[in-house]
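In: following is a predicted model, sequence given first.
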Amino acid sequence: MEEDFVDAPEDCTIKEVAPALIALHPLNKSVVVAVGPELRIFDLVANCPIACQDNKDGRSHVDSIRSICFHREGELFASAGDDKLVKIWNADSWHCTKTICSEKRVSAVCFSWDSQFLIFADKFGAVWVTTTINADNLNCKTDKAKPLLAHCCSIITGLEISPCGRLIATADRDFKIRVSIFPKNPLGGAHEIQSFCLGHRNFVSCISFLGGQADCKELLVSGGGDATVCLWNFMTGQLLDTLEIGAVVSLTLPKICLKVMVGLSSYTDKVDNRTSSAVTDLSVSSDGSVVAVAIERFYGVLLLSCSLQSRKLVLLEKVGLPENFMPTSLAFDNSFCHLWMVTGAAEVVRPDSINAVESDAQGSVVATSAITCVRVIGLAHVGSDNLLKSTVLEDFAVPGGDKLLKTLQGDRIDTEAAMAAAEAANTALRNLLIKREYSTEIRENRKKKRNDKKIKNRT
């Protein structure tokens, strides 16, 4: 459940850090980076940047974007986040075709397999569905999203439609993954549960199905705050294999000094006492054979294979990245030639929740800093054994070259700042999702400071 507690005076501001995200067009036509409220888009075919346009007011979002995705055929793109807006974009013209207002901040978004519906989840644990057709085209006065399903007051961290299009998987911070039947008429709700995938010992941070529509493998992979990658049979909920991150990579030891953010423009040394690192993102190749894994405090990515015979996760390669690059988001291209990565974050400053009631909160939100850095790994199968070979591409060899990097990264790149921003974003994510235990006294004291109670008393 989303919790906002205010201990400061009423005129204080709240600073939040959101990680940079990346998404690739299924036909490799474009690449999108989201950082803070900003969408940075580059056309890989025309080799030029693209400016997205909202048909109503000419702007995109006004607060941090938390989730982005393309439809599987690439005709639509969706973005959503902390401004409680869910936007659907035409991925050719990059005009916003529809905007949906959510009751809570949005944490995840995806399209139905046939692109007729958009599904999004909020930080209160509810999953909603709406049509992708603009309400104006339906001659409707209102076009509100309908409830699809819900987790019990737990932040939804992952949302995916299965390759066959008949199932929907949702993950949350309470360690569980739910697989539900996606109905033919989702506007009526999804009431039938196929399975629960239970086995993580901490929050589930990301999930992804393996395989395509023609070769549905009944496999789902997940990463979590317990420093594990798990492989599941999503039809039965059976845990098939678990990869312990600490067993395959040497993570930064606890109780060392890390560069962390004090605002995105300065750094300070801080002792880190954590004993494990969360999996922050997963990306699965189009054929489901390779899984790329981003890990908190690991400057690189893991490439895993999934054996269809033994149904085991096997480490293929640990790819170290230069300049201490720690990805916050990953995306394979559909041709399985490149793995795209972004690191960085944006710091967003907003008024406290009480003052926001009396003012234009959305107009008052300001992205004070947005730092990103993009890297690409080239992939190729070589030799008689068809072994996978990876190469971290130099900037000139990246598709789109310097023009693309300037669009997605900005004019000036500070790799140390991007690394610190990524660390700050990962820390913010962990602080949001980690389950805390409170004594009765502390719990009662926190209840007295709840924002909704303060707002109610002022009205």
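Out: Received the coordinates, thanks. Remember, predicted model here, so these are calculated numbers, not experimental data. Residues are numbered from 1 along each chain as shown.

In: check contacts around the closest residue to residue 322 other than its chain neighbours.
Out: Excluding the flanking residues, the one nearest residue 322 by Cβ to Cβ, 6 or more residues apart in numbering is residue 392, at 6.6 Å. (Glycine included, C-beta is placed from N, CA and C.) By Cβ atoms under 8 Å, 6 or more residues apart in numbering, the contact list for residue 392 reads 319, 321, 322, 375, 376, 377, 378.

In: report pLDDT for residue 392.
Out: On pLDDT, residue 392 comes in at 93.

In: JSON lines for the contacts of residue 392, including secondary structure and neighbour count?
Out: JSON lines is the format used below for those (DSSP: H, G, I helix; E, B strand; the rest coil; neighbours: other Cβ atoms under 10 Å):
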{"residue": "319", "secondary structure": "strand", "neighbour count": "17"}
{"residue": "321", "secondary structure": "coil", "neighbour count": "17"}
{"residue": "322", "secondary structure": "helix", "neighbour count": "11"}
{"residue": "375", "secondary structure": "strand", "neighbour count": "20"}
{"residue": "376", "secondary structure": "strand", "neighbour count": "23"}
{"residue": "377", "secondary structure": "strand", "neighbour count": "22"}
{"residue": "378", "secondary structure": "strand", "neighbour count": "15"}
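
In: between those, which is closest to residue 305?
Out: Ranked by distance to residue 305 (Cβ to Cβ), the contacts of residue 392 are led by residue 319 at 13.8 Å.

In: per-residue pLDDT, that closest one?
Out: Model confidence at residue 319 (pLDDT) stands at 92.

In: skipping adjacent residues, who's closest to the residue minimising distance to the centre of the chain in space?
Out: In the chain, the centroid-proximal residue (Cα atoms, centre = their mean) is residue 67; its distance is 5.0 Å. Among residues not flanking residue 67 along the chain, residue 109 sits closest, at 4.5 Å (Cβ to Cβ, 6+ apart).

In: show me what contacts that neighbour?
Out: 67, 68, 69, 78, 79, 80, 86, 118, 119, 120, 121, 159.

In: backbone phi and psi for it, please?
Out: Main-chain dihedrals, residue 109, degrees, to the nearest 10: phi -150, psi 150.

In: what does residue 311 give?
Out: phi 50, psi 50.

In: ok, it - contacts?
Out: Counting by Cβ under 8 Å, 6+ apart, residue 311 has contacts 219, 231, 233, 240, 241.

In: try 6 Å
Out: residue 240 (Cβ atoms under 6 Å, 6 or more residues apart in numbering).

In: what distance do you get for it to residue 240?
Out: 5 Å (Cβ to Cβ, to the nearest Å).

In: distance of residue 49 relative to residue 407?
Out: Taken as Cβ to Cβ, the span from residue 49 to residue 407 is 4 Å.

In: thank you kindly, that will do.
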